[in-house]
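K.L.:
the sequence and its predicted three-dimensional model are supplied below.
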Amino acid sequence: MYHILPELYYTHEHEWLLLQNGKARVGITDYAQKSLGDVVYLDFTARGRRVNQKEVVASIESVKAVSEIFAPLAGTITQVNENINRKPELVNQDPYGQGWLFEMEELDLSGLGELLDAKKYEEFLKNLS
């Protein structure tokens, strides 16, 4: 079973989003980090830019594959978690905590309807297997 936090929003591409005080913190889900295997490198192509919902904003490299990271909402990427550049294993060890990827501001919340709540994300995962 995969760890899913009830207070987060989720995407079909397995990113999570936490909304707090008009900002969003984004990472990959427990399902995603387990599917990827050991994360070894992240590359943020959209640092400091305004991005559209579902736009590729980063790539994540593991021992198994390279995957794209998508913006769950439109907004401006204001901060990248520098700790994961030095310790990419944090993404595997604590995907919802210290392994977060980036933060966004100036959000377009009209895209929230395309995201999944925890219950819908759990159902989505069950249908994958």
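P.N.:
Thanks, I have the structure now.
K.L.:
what stretches of this protein score poorly on pLDDT?
P.N.:
129 (pLDDT under 70).
K.L.:
can you check which helix is longest in it?
P.N.:
Taking DSSP state H as the criterion, the chain has its longest helix at helix 118-128.
K.L.:
who does that one touch, helix- and strand-wise?
P.N.:
Identification of packing neighbours for helix 118-128 by 3 or more Cβ pairs under 8 Å, 6 or more residues apart in numbering; DSSP states H and E yields strand 9-10. In short, each C-beta sits where N, CA and C put it, glycine included.
K.L.:
packing partners of the strand it packs on?
P.N.:
Contacting strand 9-10 under the criterion 3+ Cβ pairs under 8 Å, 6+ apart are the following elements: strand 15-20, helix 118-128.
K.L.:
quick one, what contacts the residue nearest the centre of the chain?
P.N.:
Central residue of the chain (Cα atoms, centre = their mean): G27, 2.8 Å from the mean position. By Cβ atoms under 8 Å, 6 or more residues apart in numbering, G27 lies in contact with E15, W16, V91, P95, Y96, G99, W100, L101.
K.L.:
and the first one, how far is that from V57?
P.N.:
This means E15. According to Cβ to Cβ, to the nearest Å, E15 and V57 sit 10 Å apart.
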